[in-house]
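Colleague: what shape does this take:
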Amino acid sequence: MYSFVSVVIALLNFYELLIVLWCIASWIPRKPGGLIDDISSVLAQIVEPYLSIFRRFIPAIAGIDFSPVIAVVVLGVVQQLVVGILI
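Modeller: A predicted model of the protein is given here:
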């Protein structure tokens, strides 16, 4: 049981990292067809479906998108619930 919980926690932490990397990549100027553009496109395909859930309820305020912050917080809460339930 402990190894299953460890795998779930590792996956949630990895997804949080992907969200943070996507945020950082969105700030970097990129050239179409360049390496950063390719990396951010892959990250967007992985992260955008999850973030779009939060964008429905949390609009951008003054042009700043807070959905990644809320998404990471929710992943942290889910992680705590998984640990609390399974251990």
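
Colleague: so residue 84 is in which element?
Modeller: Using DSSP states H and E, residue 84 sits in helix 67-86.

Colleague: contacts for that helix next, please.
Modeller: Helix 67-86 is contacted from outside by 1, 4-5, 8-9, 12-13, 15-16, 19-20, 22-23, 50-51, 53-55, 58, using C-beta atoms under 8 Å, 6 or more residues apart in numbering. Just so you know, the C-beta spots here come from the backbone N, C-alpha and C atoms, and that holds for glycine as well.

Colleague: below-threshold pLDDT in the protein: ranges please.
Modeller: For the chain, residues meeting the criterion pLDDT under 70 lie at 1.

Colleague: re earlier: out of the contacts of helix 67-86, which are buried?
Modeller: Buried members of these, scored by 16 or more other C-beta atoms under 10 Å, are 15, 16, 19, 22, 23, 50, 51, 54, 55.

Colleague: any idea how far residue 54 is from the fourth one?
Modeller: To tie it back to what came earlier, the one meant is residue 22. For residue 22, the distance to residue 54 (C-beta to C-beta, to the nearest Å) stands at 13 Å.

Colleague: now do the contacts for the residue nearest the centre of the chain.
Modeller: Nearest to the mean C-alpha position of the chain, by C-alpha atoms, centre = their mean, lies residue 19 at 2.9 Å. Applying C-beta under 8 Å, 6+ apart, we find residue 19 in contact with 47, 50, 51, 68, 71, 72, 75.

Colleague: same question, residue 62
Modeller: Applying C-beta under 8 Å, 6+ apart to residue 62 gives no contacts.

Colleague: picking that back up, now name the helix or strand holding the residue nearest to the centre of the chain.
Modeller: helix 2-27.

Colleague: right, I'll call it a day here.
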